[in-house]
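> What shape does this take:
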Amino acid sequence: MNIYVLLKRTFDTEEKITLSGGKINEDGAEFIINPYDEYAVEEAITVRDAQGGEVTVVTVGSEEAEKQLRTALAMGADKAVLINTEDDLENGDQFSTAKILAEYLKDKEADLIIGGNVAIDGGSGQVGPRVAELLDIPYITTITKLEIDGKNVSVVRDVEGDSEVISTTLPILVTAQQGLNEPRYPSLPGIMKAKKKPLEELELDDLDLEEDDVQAKTKTIEVYLPPKKEAGKVLSGDIPQQVAELVKLLYTEAKVI
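Numbering: from 1, shown residues only. Have a look, this model is predicted:
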């Protein structure tokens, strides 16, 4: 089975975000595999071990993402591909990333493509579905269970506190939700093996893409931290007095009524 994982390098979930010059300050920050993409890597390895085949992890970004790709290789992936856009694409968005990934994948005859449900830095959840649309294959998001029998696929999908079962066939793209599995930690032998596994680096020219082909469709106007949370208020008096005070505050301070 030919399996591809869409991976993104993101800030460590424990990292404190700071701004400098209206941009997120990355100096000295720690980066990790996007946590939802870790579920995707783990599921890809599990499917490969059961069905046979090969797992390739792919990311779009700068050379710094090589560390996260090596981590995925240490977990058990077979190959990695870095599509380096550092010199060609100053500002990209979900359209840019999906366009580049789809161009790379279009002739790879992928049976299964797995990505994370969302990236914790942007949270749009758009890249996976956009890639599937460009490749003209089915996709199912937020999956919590995946079963493959030959070409037949059965998926359990999380739907706002409930779940639904969907049946389809390969090829397919799915995005991993929390609960799909428990990602493994890279073992010492896995880390040593990862150093010798192939990691291919490509640029836009290698995909016959021009910068104009992948220009962002959106523009970031401003980046700012959320306002500091104010202390709560405790209402006093009997119930009618509290209700009256609450309505007054919602009108004068919260301005929601």
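
> all contacts plus neighbour counts: C-alpha atoms, from now on.
OK.

> Give me the contact list for the helix or strand containing Ala98.
Using DSSP states H and E, Ala98 sits within helix 94-105. With contact meaning C-alpha atoms under 8 Å, 6 or more residues apart in numbering, helix 94-105 is reached by 58, 60, 126-128, 130-132, 134-135, 204, 207, 214-217.

> Is it possible to mark the buried ones in the residues you listed?
If you count burial by 16 or more other C-alpha atoms under 10 Å, the buried members of the contacts of helix 94-105 come out as 58, 60, 126-128, 130-132, 135, 204, 214-216.

> what number of residues lie near Leu250?
Burial of Leu250 is recorded as 12 neighbouring residues (other C-alpha atoms under 10 Å).

> in a strand, that's where it is, yeah?
No - counting by DSSP: H, G, I helix; E, B strand; the rest coil, Leu250 is not part of a strand but helix.

> Let me see the contact set for it.
Here Leu250 is in contact with Val256, Ile257 (C-alpha under 8 Å, 6+ apart).

> and it, what pLDDT?
Reported pLDDT at Leu250 in the predicted model: 90.

> ditto for Ile166
97.

> What helix or strand is it located in?
strand 162-169.

> Pull the distance from that strand to the chain's centre.
Mean C-alpha position of strand 162-169 versus that of the full chain (C-alpha atoms, centre = their mean, to the nearest Å) differs by 21 Å.

> and the next element down the chain from it?
Beyond strand 162-169 on the C-terminal side, the first helix or strand identified by DSSP H and E is strand 172-176.

> Give the next helix or strand downstream of that next one.
Using DSSP H and E, the helix or strand that follows strand 172-176 in sequence is helix 188-194.

> residues in contact with that next one?
Contacts to helix 188-194, defined as C-alpha under 8 Å, 6+ apart, come from residues Arg70, Thr71, Leu73, Ala74, Met75, Gly76.

> Near the first one, how many other residues are there?
For Arg70, the tally of surrounding residues (other C-alpha under 10 Å) stands at 25.

> Make sure it is actually in contact with Lys195.
Yes - with contact defined as C-alpha atoms under 8 Å, Arg70 reaches Lys195; the gap is 7.3 Å.

> So Ala44 sits against Val55, correct?
Yes - when contacts are counted by C-alpha under 8 Å, Ala44 is listed as touching Val55 (6.5 Å).

> and for those two, which residues touch both?
Taking C-alpha under 8 Å, 6+ apart as the contact rule, Ala44 and Val55 both touch Ile3, Tyr4, Val5.

> May I ask which of those residues has the most neighbours?
The most crowded member of the shared contacts of Ala44 and Val55, judged by other C-alpha under 10 Å, is Val5 (29 neighbours).

> so that residue, which of the three states?
Applying three-state DSSP: Val5 is strand.

> Just the closest of the buried ones among the contacts of helix 94-105 to Asp149, please.
Ala132 (21.3 Å; C-alpha to C-alpha).

> Could you tell me the per-residue confidence at the closest one?
Ala132 is given a pLDDT of 98.

> wait, what's in contact with it?
Ala102, Pro138, Tyr139, Ile172, Leu173.

> Filter these down to the buried ones, ChimeraX style.
ChimeraX command restricting the contacts of Ala132 to the buried ones, with burial defined by 16+ other C-alpha under 10 Å:
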select :102,139,172,173
